[in-house]
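In: Quick one, what's the 3D model for this:
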Amino acid sequence: MSTAYIGADASQYAQRLARYGHRDWIVWTGRCGRRHCDLVSRSSVKAALLAHGTQGDDMVLIRANTGCRTWLGWRQAITLWRNQPAQPQPAPGGEAQ
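Out: Have a look, this model is predicted:
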């Protein structure tokens, strides 16, 4: 199931889910100018960094349980990306363990 959402109201959507869903969300403006949001993970932070690097638009971290917004700069987003656990790699010829 995908958690990503694209649209003008992505920020409100992510804030509502963060407040009641107990997970952090990240919101950013993509290359085409549309707002994106997704759960904080290595892939979503990387997508936000790539979009930020090309446009210089904002990245917003929405904290779990409170829905508080934190504007992220490049350095804070890199730190957030590095602190995310790596995705498990599938074993050769089998399922991920």
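In: Now do the contacts for Ser44.
Out: 4, 26, 38 (CB atoms under 8 Å, 6 or more residues apart in numbering). In this view, the C-beta of every residue, glycine as well, is placed from N, C-alpha and C.
In: Most neighbours among those, which one?
Out: The residue in those with the most neighbours, by other CB atoms under 10 Å, is Ile26 (25 neighbours).
In: my read: that residue touches Ala48, true?
Out: Yes: between Ile26 and Ala48 there is a contact at 5.5 Å, judged by CB atoms under 8 Å.
In: Show me the common contact partners of those two, please.
Out: Joint contacts of Ile26 and Ala48 (CB under 8 Å, 6+ apart) are 59, 72.
In: any low-confidence regions in the protein?
Out: Within the chain, the segments meeting pLDDT under 70 span 1-2, 54-55, 88-97.
In: Now do the same for the residue nearest in space to the middle of it: helix, strand or coil?
Out: Nearest residue to the geometric centre of the chain (CA atoms, centre = their mean): Ile26, 3.4 Å. Reduced to three states with DSSP: H, G, I helix; E, B strand; the rest coil, the structure at Ile26 is strand.
In: which residues touch it?
Out: 14, 37-40, 44-45, 48, 59-62, 72, 80.
In: Reformat those as CSV; add secondary structure.
Out: Converted to CSV, the contacts of Ile26 look like this (three-state DSSP):
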residue, secondary structure
Ala14, helix
Cys37, strand
Asp38, strand
Leu39, strand
Val40, coil
Ser44, helix
Val45, helix
Ala48, helix
Met59, strand
Val60, strand
Leu61, strand
Ile62, strand
Leu72, strand
Leu80, helix
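In: could I get those as CSV with distance to Ala86?
Out: Listed next are those as CSV, based on distance: CB to CB, whole Å:
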residue, distance to Ala86
Ala14, 23
Cys37, 22
Asp38, 17
Leu39, 16
Val40, 14
Ser44, 14
Val45, 12
Ala48, 18
Met59, 21
Val60, 24
Leu61, 20
Ile62, 23
Leu72, 21
Leu80, 14
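In: How about Leu72, nearest residue that isn't a chain neighbour?
Out: Closest residue to Leu72 apart from its sequence neighbours, by CB to CB, 6 or more residues apart in numbering: Met59 at 4.3 Å.
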